[in-house]
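output the structure for:
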Amino acid sequence: MKRNIYLFVSLCCLVITLFGITVFAGETDSGLVNERMLHPLDSYTAYTFQKGEWAYNFPVLGLSPGWMWWGVMDWLTAEIDIECLLGGVPSFNFRFSLTEQNGILPALAYETMFQYLFEEIDLLEDYEYLRVVRKGASWYNRINASWRFSEQMCLHLSIGGTYSESILIENDNRLEYFGKHFQDLISPDLSLGIDWRISKWFSFHSAGSYGTTFIYLDNVPRKCQFTYGFRIAPLLKNRWAILRNLRLEFAAIFYYFPEARETVSLPVPILPYLYWQGGGN
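Coordinates of the predicted model:
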């Protein structure tokens, strides 16, 4: 019953968003080359949306209600996490633009995210050999830097740290046990990503990180992650905004958890999520 309600709400969010896109989306067909990307393939950029710009992200496999980003001001972008709000989980994410790129000096942004889980949640409950269980507060703060070397090439670096009130990382169903339970943990975060905006409709992305990430397994410190994949904008010239603003991201993902000595991977970029982006100037 609970699963059916969750699915119904997810579909309602999708329908409402698609209706909004049809009515309010702009006429731009600039595509991926100049599109402001906040977390391509789980990297951290230093870019913020313009005032009124938005994106709605819909994970296909989990049939989650997804999340939205909204340009509150040109220098401030806020996340609206629909899934967390429906589940009664306080979750707040903000990115503040600090400087634009000036020659060899990168664009800079400050990003912060706070989330609170009232109950213990196993974030990998469907995986047989690994448990990652969180409870309580998670709060990360980081500085993001982005260099755009040409119209097509971008490099992103992010450094910061995460506070975790309670997190258990351990293997499961193994002959030898490895794991550790952290309380009031402060752990470093580091991320390096690259974008290759090959054309208006196709871009390649890759990112390596240690610590907390935002998209695929969020608010989990002390993990090593590598991603690669691509984004496509398949229908840029379509007359209908609902199709013109459609974007797809496909990711291959590799995780390694040192405390549990476990690896999780999806080696081929077939894990999709859909997003729509529009508005702004």
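
you'd agree I82 is up against P59?
No. I82 lies out of contact with P59 (Cβ atoms under 8 Å); the separation is 11.1 Å. All C-beta spots, glycine's among them, are computed from the backbone N, C-alpha and C.

what stretches of the stretch 151-281 of the chain score poorly on pLDDT?
Counting by pLDDT under 70, the ranges of the stretch 151-281 of the chain that qualify are 280-281.

which parts of it are strands?
Assigned by DSSP state E, counting those that start in this stretch, the strands in the stretch 151-281 of the chain fall at 153-171, 179-196, 202-210, 224-232, 246-257, 262-278.

show me the one of the ones you listed that comes nearest W67.
When those are compared by Cβ to Cβ, strand 262-278 sits nearest W67, at 9.7 Å.

now what about stretch 213-222, what contacts it?
With contact meaning Cβ atoms under 8 Å, 6 or more residues apart in numbering, stretch 213-222 is reached by 39, 42, 44, 93, 113, 115, 123-124, 132, 134, 138, 140, 162, 164, 167, 169, 182, 185, 187, 189, 191, 210-212, 223, 225, 227, 251, 253, 255, 257-259, 271.

what about the closest residue in space to N219 that isn't next to it in sequence, which helix or strand?
Nearest residue to N219, sequence neighbours excluded (Cβ to Cβ, 6 or more residues apart in numbering): S138, at 4.2 Å. In the assignment (DSSP states H and E), S138 maps to strand 130-148.

so which bits of that strand are buried?
Across strand 130-148, burial judged by 16 or more other Cβ atoms under 10 Å covers 130-140, 142, 144-146, 148.

before we move on, back to that, buried among the contacts of stretch 213-222? Need that as a selection in ChimeraX.
Those of those that count as buried under 16+ other Cβ under 10 Å are selected in ChimeraX with:
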select :39,42,44,93,113,115,123,124,132,134,138,140,162,164,167,169,182,185,187,189,191,210,211,212,223,225,227,251,253,255,257,259,271
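
distance of the closest residue to A137 other than its chain neighbours from F114?
Spatially, and ignoring its direct neighbours in sequence, A137 is nearest to E165 (4.4 Å; Cβ to Cβ, 6+ apart). According to Cβ to Cβ, to the nearest Å, E165 and F114 sit 11 Å apart.
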